[in-house]
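Participant: My questions concern the predicted model and sequence given below.
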Amino acid sequence: MDRFISMKKMAIPLLCIAVLSGCSGEAEQAKEDEKFAIPVETALVTTGNVSSFYSTTATLEAPEESHVMSRIAGIIEKINVEEGDRVTKGQILAVIDAKRQRYDFNRSEAEVQIIQQELNRLNKMNNKEFISQDQMAKLEFNLQAAKAQRDLAELQVKESQITSPINGVIAERYVKTGNMAKEFQELFYVVNQDQLHGILHLPEQQLASLRVGQQASIIQQHQGTKSDIIDAKVLRISPIVDAQSGTFKVTLAVPNQDAKLKAGMFTRVELKYDTHLDVLTVPYNALINQDNTQALYVIKDTKAQRREVSLGFRENNTVEILFGVEAGEQIVIRGQQNLKDQSLVEIITPLSFAAIR
């Protein structure tokens with residue numbers, strides 16, 4: 001019994017020593033934590049304009065195109081253009097052998113002159129009573145028929161020269177010199193790509209957000225280089241919704257004076273729906289998504305204070321903040337992944353931060 005009491009008396013001091021040692025260790029650890037500052041890069045909450053966009057894809061089409069055909073049959077004598085050549089309206093693209101048509105025209109012209117001379121002779125006669133009115137009427141009718149035949153022959157001679165009906169570029173050539181062209185055979189395909197149409201099919205829920213003249217951006221991707229952005233606008237909006245797909249057709253007017261875009265291309269399109277003016281904005285990469293909530297770290301003195309925020313529009317790396325921070329407050333934009341609420345921080349320059357990383 002005395003031995004048990006003795007051991008108990010010895011255990012109490014040891015326990016006290018252990019407790020004091022543990023408290024001392026925790027205090028020292030807390031003190032060390034206070035000394036350790038996490039390096040961060042910061043920026044200020046600013047005000048600006050942020051727009052809302054709808055991103056989709058579009059097919060580019062040429063609003064002006066022409067399948068140039070032959071109106072007469074004959075041998076192709078000459079071809080004046082090749083694929084890729086720019087042509088103007090009325091320019092001669094090819095010539096068809098029209099010897100037969102010229103012979104027909106010359107014969108018709110001669111018939112017109114013969115009938116005209118006979119009518120002139122009869123009209124100059126002094127004794128009109130010897131001229132039959134039926135004969136004069138028949139000559140007048142024959143003259144009109146001969147002129148019509150002559151004009152038709154002249155048209156066929158003219159149609160032996162194949163001309164472009166529009167300004168544009170030769171996209172395809174289907175014949176060669178010496179080929180036999182048939183009547184109404186397609187010879188060339190001409191397309192005007194100075195302005196293209198972007199064809200979109202959007203969900204019916206977006207119909208209320210669109211209007212004619214609304215701004216859009218055509219984004220042309222280049223492999224290994226920066227993308228080109230071309231300004232466009234809404235030209236037409238279909239008034240009906242397709243029952244099977246639940247979409248409606250939207251046509252964009254896309255300028256293409258430098259010919260960077262081609263008909264048939266698929267491109268990415270961003271439609272600008274609305275713009276919020278003079279709102280609070282922060283870099284999107286400053287946000288922390290935790291437990292399905294968006295948060296920012298705001299610098300107060302030397303500590304980072306976690307703030308939950310509500311987001312509005314986002315444009316590229318800029319996002320609108322509806323509430324949670326105020327203009328001019330300093331927020332963490334790099335290094336926030338290592339932070340907790342009330343963490344001690346050290347604000348450093350972007351160059352120094354890159355060196356630490």
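Facilitator: Received, thanks.

Participant: Name the helix or strand for the most centrally placed residue in the chain, please.
Facilitator: Most central residue of the chain, judged by C-alpha distance to the mean C-alpha position with CA atoms, centre = their mean, is residue 218 at 2.6 Å. With elements taken from DSSP states H and E, the one containing residue 218 is strand 215-222.

Participant: other SSEs contacting that strand?
Facilitator: Contacting strand 215-222 under the criterion 3 or more CB pairs under 8 Å, 6 or more residues apart in numbering; DSSP states H and E are the following elements: strand 225-237, strand 247-255, strand 266-283. For every residue, glycine as well, the C-beta is placed using N, CA and C.

Participant: Can you tell me the SS state at residue 115?
Facilitator: Using DSSP: H, G, I helix; E, B strand; the rest coil, the structure places residue 115 in helix.

Participant: same deal with the one 4 residues further on?
Facilitator: Following three-state DSSP, residue 119 is assigned to helix.

Participant: what's around it, how many residues?
Facilitator: Per other CB atoms under 10 Å, the neighbour tally for residue 119 reads 15.

Participant: Would you mind measuring from it to residue 110?
Facilitator: Residue 119 sits at a distance of 15 Å from residue 110 (criterion: CB to CB, to the nearest Å).

Participant: now do residue 152
Facilitator: Shown here: residue 152 relative to residue 110, a distance of 15 Å by CB to CB.

Participant: what's the offset of the strand or helix carrying residue 123 from the middle of its chain?
Facilitator: When elements are defined using DSSP H and E, residue 123 is found to belong to helix 99-124. A distance of 60 Å separates the centroid of the chain from that of helix 99-124, by CA atoms, centre = their mean, to the nearest Å.

Participant: repeat for stretch 160-178
Facilitator: Taking mean C-alpha positions (CA atoms, centre = their mean), stretch 160-178 and its chain are 29 Å apart.

Participant: so what's residue 120 up against?
Facilitator: When contacts are counted by CB atoms under 8 Å, 6 or more residues apart in numbering, residue 120 is found next to no other residue.

Participant: For residue 136, list the residues it contacts.
Facilitator: Neighbouring residues of residue 136 by CB under 8 Å, 6+ apart: 119, 122.

Participant: Please work out how many residues are found near residue 169.
Facilitator: By other CB under 10 Å, neighbour count at residue 169 equals 19.

Participant: actually residue 147, sorry about that
Facilitator: As a burial measure, residue 147 scores 16 neighbours (other CB under 10 Å).

Participant: That one and residue 112 touch, don't they?
Facilitator: Yes. Under the contact definition of CB atoms under 8 Å, residue 147 touches residue 112, with a separation of 5.5 Å.

Participant: can you list the weak-confidence ranges in this structure?
Facilitator: Within the chain, the set of residues satisfying pLDDT under 70 comprises 1-35, 126-131, 222-226, 350-357.

Participant: So which residues of it form helices?
Facilitator: With DSSP state H as the criterion, the chain has helices at 2-35, 99-124, 133-158, 350-356.

Participant: relative orientation of the second one and helix 133-158 in degrees?
Facilitator: An angle of 150 degrees separates the directions of helix 99-124 and helix 133-158 when computed by axes from the mean of the first three to the mean of the last three CA atoms, to 10 degrees.

Participant: Name the residues of helix 99-124 that come out as buried.
Facilitator: Of the residues in helix 99-124, those scored as buried under the neighbour-count criterion (16 or more other CB atoms under 10 Å) are 101, 104, 105, 108, 109, 111, 112, 115.

Participant: What are the structural domain limits within this protein?
Facilitator: Following automatic domain parsing, one gets these domains for the chain: 35-53+277-356, 55-63+193-274, 65-191.

Participant: start to end distance for the longest one?
Facilitator: Just to be clear, that refers to domain 65-191. According to CA to CA, to the nearest Å, domain 65-191 extends 4 Å from its N-terminal end residue to its C-terminal end residue.

Participant: now do stretch 157-165
Facilitator: Terminal residues of stretch 157-165 lie 18 Å apart, using CA to CA.

Participant: Turn the helices and strands packed on strand 215-222 into a markdown table, including distance to residue 339 and mean neighbour count.
Facilitator: Shown next, in a markdown table, are the helices and strands packed on strand 215-222 (distance: least, CB to CB, whole Å; neighbours: other CB atoms under 10 Å):
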| stretch | distance to residue 339 | mean neighbour count |
| --- | --- | --- |
| strand 225-237 | 33 | 14 |
| strand 247-255 | 45 | 19 |
| strand 266-283 | 16 | 17 |
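
Participant: Take the ones you listed and lay them out in JSON lines including distance to residue 328.
Facilitator: Conversion of the helices and strands packed on strand 215-222 to JSON lines gives the following (distance: least, CB to CB, whole Å):
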{"stretch": "strand 225-237", "distance to residue 328": "32"}
{"stretch": "strand 247-255", "distance to residue 328": "40"}
{"stretch": "strand 266-283", "distance to residue 328": "10"}
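
Participant: I'd like to know which of the ones you listed is closest to residue 179.
Facilitator: With CB to CB as the measure, strand 266-283 is the member of those nearest residue 179 (34.9 Å).

Participant: Can you spell out which helices and strands pack onto the closest one?
Facilitator: Counting contacts by 3+ CB pairs under 8 Å, 6+ apart, strand 266-283 packs against strand 46-61, strand 195-203, strand 215-222, strand 303-315, strand 318-323, strand 330-334.

Participant: Would you mind putting those into TSV with distance to residue 176 alongside?
Facilitator: As requested, the helices and strands packed on strand 266-283 are arranged in TSV below (distance: least, CB to CB, whole Å):
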stretch	distance to residue 176
strand 46-61	29
strand 195-203	30
strand 215-222	35
strand 303-315	54
strand 318-323	58
strand 330-334	65
